[in-house]
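Trainee: below is the sequence, then the predicted model.
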Amino acid sequence: MWLKLDALQPPGSFKMRGVGHACETYRARGARRFVSSSGGNAGLAVAYAGRVLSVSVTVVVPKTTTERAVELLRQKNAEVIVHGASWQEANELAQSLVGASDTFIHPFDGPLLWQVHATMIDEVARSGLKPDAIVLSVGGGGLLCGVMEGLHRHGWGQVPVLAVETQGAASFNSAVKAGRPQCNAG
């Protein structure tokens, strides 16, 4: 068994890959502030990228976000707004805050994120390994989209992917059953 330890990225999760790329791209296009919504990891990645790129950051988190996560966001110089009972409510407020010189950095949805999350599979391929199966965590689906893009890019479409969710936050499972996006995460 092999593990891809993206939790060792500076903000502590794989999110830095795609979010960092999106932040760099939007800064180059003139963004003066990044606005995001998060329960923790994506917001930390945006805050980290903003600090490195000298761009101000506002992250809207739901009331369910831990005090530790809020503290870490503030340590990275992000303005933190706690709003709503769920990520979806926090996300709606975050999107409403985006001004003319701002860019909304989505925590999991978008080709800029997926393209770079796919580099995990590129790295595995460069190592000379082809996985028999991949087990990954799925929340909003950004990592899953990136991994699937990477597998497709390398002609590994037959490699099974087991997407696992946190109990009580089964948005992906709900979306598959409903045939459309869902947000059950608190």
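Mentor: Looks like it arrived, so ask away. These numbers come from a predicted model, not from an experiment.

Trainee: could you list the buried residues of the lowest-mean-pLDDT helix or strand in the chain?
Mentor: Using mean pLDDT, DSSP states H and E, the weakest-scoring helix or strand in the chain turns out to be helix 171-178, at a mean of 76. Within helix 171-178, the residues that qualify as buried are S171, F172, S174, A175, counting by 16 or more other Cβ atoms under 10 Å. Every residue, glycine included, has its C-beta placed from N, CA and C.

Trainee: apart from its neighbours in sequence, what residue is nearest the second one?
Mentor: Taking Cβ to Cβ, 6 or more residues apart in numbering, and ignoring the residues beside it in sequence, F172 has V138 as its nearest neighbour in space, at 4.7 Å.

Trainee: that neighbour against L144, yeah?
Mentor: Yes - at 4.9 Å, V138 and L144 qualify as touching, with contact defined as Cβ atoms under 8 Å.

Trainee: overlap in contacts, the two.
Mentor: Listed as contacting both V138 and L144 by Cβ atoms under 8 Å, 6 or more residues apart in numbering are A163, F172.

Trainee: distance of the residue of the chain most remote from its centre relative to W2?
Mentor: Computed with Cα atoms, centre = their mean, the residue of the chain farthest from its C-alpha average is G128, at 27.1 Å. Computed as Cβ to Cβ, to the nearest Å, the G128 to W2 distance reads 12 Å.

Trainee: could you do R126 as well?
Mentor: With Cβ to Cβ as the criterion, R126 and W2 are 13 Å apart.

Trainee: same check, this time on V82
Mentor: 38 Å.

Trainee: what residue spans form the domains of this protein?
Mentor: Per the record, the chain has its domains at 8-107, 112-178, by automatic domain parsing.
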